[in-house]
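Participant: Please find the sequence and the predicted model below.
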Amino acid sequence: GNLSYLNYALTCCIGAVFAIRTGAFGLGDLAAFLQYSRQVSQPITQVSQQVNTILSAVAGAERIFEVMEAEPEMDEGKVKLVRVTEDRAGNLSEANFDSGAWAWKKENGELVPLRGDVRFENVVFGYDERKVVLKDISLFAKPGQKIALVGATGSGKTTVVNLLMRFYETNSGTIKIDGIGTKDLTREQVHNMFSMVLQDTWLFGGTVKENIKYGNLEANDSEVIDAAKAA
């Protein structure tokens, strides 16, 4: 586009000089030549614009194909979280109603009470396999215990939470909840167990009530008000 404008300006100026000084051709000839010059440059400009559009489409297509060709993550959760009741002897049994108590149900039918004991055992992880972020990390949080991870930016605090939530898988080592490895649980169950408050505030279009209710669509107005007061 810039070359076509430059060509038009040079043709106009130089042609005017020749027409005035030498009389080689008239002003009408110069005007016709300028018009032809513009007609020639327009298709070239349009082709260049089409090439730009095609390159943008190719860049977008590469990302689309990258997503389409991505291997699906394996999520073979074998342990389920179920509602339970407990008798006087301390024996647990699965319940089909809201009993207020939960337990892990293993493949063999064994029920393990949900306590909230979280443990990292020799965890190694890196977003890039050649650059390890966490090296042989071991830590624990007992049921009801409050833990604070303090450190400089990039030290791995958020990474620890991401691994606990199974947003990423460990390179080696295990993460256990109540003695059960998180890889034995489905991601959906792991996500349902945690409440995660990020640094950034995300609000959806709608009312404050609807934003609060997004975490539990079946919550009634009193529960929404109680959640707002608690927050």
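Facilitator: Perfect, thanks for sending it.
Participant: Give me the phi and psi for the residue positioned nearest the centre of the chain.
Facilitator: By C-alpha atoms, centre = their mean, the chain has its centre lying nearest to Phe167, at 9.8 Å. The phi/psi pair for Phe167 (degrees, to the nearest 10) reads phi -70, psi -30.
Participant: Just the pLDDT for it.
Facilitator: Looking at Phe167, its pLDDT reads 89.
Participant: now do the one 4 residues further on
Facilitator: In this model, Asn171 is scored at 90, pLDDT.
Participant: Once you drop chain neighbours, what's closest to it?
Facilitator: Val124 (4.8 Å; C-beta to C-beta, 6 or more residues apart in numbering). For the C-beta atoms, the positions are set from N, CA and C on the backbone; glycine is no exception.
Participant: Against which helices or strands is the helix or strand encompassing that neighbour packed?
Facilitator: Val124 belongs to strand 118-125 when assigned by DSSP states H and E. Here strand 118-125 touches strand 134-141, helix 157-164, strand 172-177, going by 3 or more C-beta pairs under 8 Å, 6 or more residues apart in numbering; DSSP states H and E.
Participant: Would you mark the buried spots in the second one?
Facilitator: Taking 16 or more other C-beta atoms under 10 Å as the basis for neighbour counts, the residues of helix 157-164 that come out buried are Thr159, Val160, Leu163, Leu164.
Participant: which residues touch the second one?
Facilitator: What that stands for is Val160. Phe120, Leu134, Ile137, Leu139, Leu149 (C-beta atoms under 8 Å, 6 or more residues apart in numbering).
Participant: wait, the last one sits on Leu164?
Facilitator: No - taking C-beta atoms under 8 Å as the contact criterion, Leu149 and Leu164 are not neighbours in contact, 11.0 Å apart.
Participant: closest to Ser195 among the buried residues of helix 157-164?
Facilitator: Leu164 (12.3 Å; C-beta to C-beta).
Participant: So the nearest residue to that closest one once chain neighbours are set aside versus Arg187, what's the distance?
Facilitator: Leaving aside its sequence neighbours, Leu164 sits nearest to Ile175 (C-beta to C-beta, 6+ apart; 6.2 Å). Separation of Ile175 from Arg187 (C-beta to C-beta, to the nearest Å) stands at 13 Å.
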